[in-house]
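> Structural data only, the sequence is not supplied:
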């Protein structure tokens, strides 16, 4: 009966479009706008890092999402706040300190809204729908990112600050209409203090569960991160590619590749367990990256690199969401909190692998970045695969509930 009241899974997934919109603006359009003002690259990099930093620590506030109001209410309120703050950042392009603070607050609201959505959807979807839901959530994330990577920059270039800010806010708010069609369980009336205490207790229980420990290890290790996707835009000159073609591939090309990669998850997940699939994606993607070392530095190789890396990364992201839903389980009272914690774990290697790949590029150019990323990823996948095989041979310890 509950399943018949749900909209189609692809519509549930499209509820995450706002998350992609904010990400596309902060990670792509905003740095472009600063570069157009001739802001030095180190300053842009610092501003971007600060603006995106809530992906690591916003989960500390996630216990609030499981008490007082329904998760739908939290998602709507937080995305509305993210829309206002993200739009406000367009008015602060000449005031860096204020820009960094406002953009970071907006991105924190965006992260928490996404956690509220993930926790909410995990409580209303059946286990047989989780892989499809993971795929469509990834589609909406990547599609939203691609749309705003292009549209956000065009709005900032074509309009004055005020009208651009207004349109950006309206576009971020537009997908929230989908949330009204999704049934939402009633709110938990516990106190926030109790929620945080329960969060600590739940976290301790979580880290003693084998499947959660494996999920955290998979996400925190660079098994299927493919951080090269955040660097290849700067490789255009190495492959004799014009900035216009780089922009086209970074927008439309990446979006198409990301959607295709995301939708590969459901058929692949029917063939093997998600954790094994995640490692398989990582190994396959690392081998693909190694093969790129054998090709000449020409525009067609660049296009293949961009599209291939983004395809496997999208499939890996969708698979990570499926693993997250498995770890949360059904009817989890702290579903949003658990979703936020595991999402934060996945974001960790995306940053440190950028530093590792960047060091490879600094010393040996494009070949160094490709070699370092592929070798580190392959070693991590093989090590985690061996760990999972060893754990599978050991009996599962019984974890008694706390009194």
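Yep, that arrived. Since the model is a prediction, treat every value here as computed from it, not as a measurement.
> which residue packs closest to residue 242, ignoring adjacent ones?
residue 236 (7.3 Å; Cβ to Cβ, 6 or more residues apart in numbering). Backbone N, C-alpha and C define where each C-beta goes, glycine included.
> Quick check: residue 258 touching residue 146?
Yes - with contact defined as Cβ atoms under 8 Å, residue 258 counts as touching residue 146 (7.1 Å).
> Between the two, which is the more surrounded one?
Each of residue 258 and residue 146 has its neighbours counted (other Cβ atoms under 10 Å); residue 258 has more, 27 against 24.
> any idea of the mean pLDDT for stretch 285-299?
What stretch 285-299 shows for mean pLDDT is 96.
> which other residues reach that stretch?
Residues external to stretch 285-299 that are found in contact with it (Cβ atoms under 8 Å, 6 or more residues apart in numbering): 224, 226, 228, 238-241, 245, 301, 304-305, 308-309, 312-313, 316, 366-367, 370-371, 373-375, 377-378, 381.
> switch to 6 Å and redo it
226, 238-239, 241, 301, 305, 308, 312, 367, 370, 373-374, 377-378 (Cβ atoms under 6 Å, 6 or more residues apart in numbering).
> What helix or strand is residue 113 located in?
Per DSSP states H and E: residue 113 is located in helix 96-124.
> name the helices or strands packed onto that helix?
Secondary-structure packing of helix 96-124 (3 or more Cβ pairs under 6 Å, 6 or more residues apart in numbering; DSSP states H and E): helix 17-24, helix 41-52, helix 54-57, helix 71-89, helix 335-392.
> any idea which of the ones you listed is most buried?
The highest average neighbour count among the helices and strands packed on helix 96-124, using mean count of other Cβ atoms under 10 Å, belongs to helix 17-24 at a mean of 28.
> will you turn the contacts of stretch 285-299 into JSON lines that also has distance to residue 85?
As requested, those are arranged in JSON lines below (distance: Cβ to Cβ, whole Å):
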{"residue": "226", "distance to residue 85": "29"}
{"residue": "238", "distance to residue 85": "36"}
{"residue": "239", "distance to residue 85": "37"}
{"residue": "241", "distance to residue 85": "35"}
{"residue": "301", "distance to residue 85": "40"}
{"residue": "305", "distance to residue 85": "35"}
{"residue": "308", "distance to residue 85": "35"}
{"residue": "312", "distance to residue 85": "33"}
{"residue": "367", "distance to residue 85": "41"}
{"residue": "370", "distance to residue 85": "37"}
{"residue": "373", "distance to residue 85": "33"}
{"residue": "374", "distance to residue 85": "38"}
{"residue": "377", "distance to residue 85": "35"}
{"residue": "378", "distance to residue 85": "40"}
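> my read: the residue nearest to residue 242 touches residue 247, true?
No - assessed by Cβ atoms under 6 Å, residue 236 is found out of contact with residue 247, at 9.2 Å.
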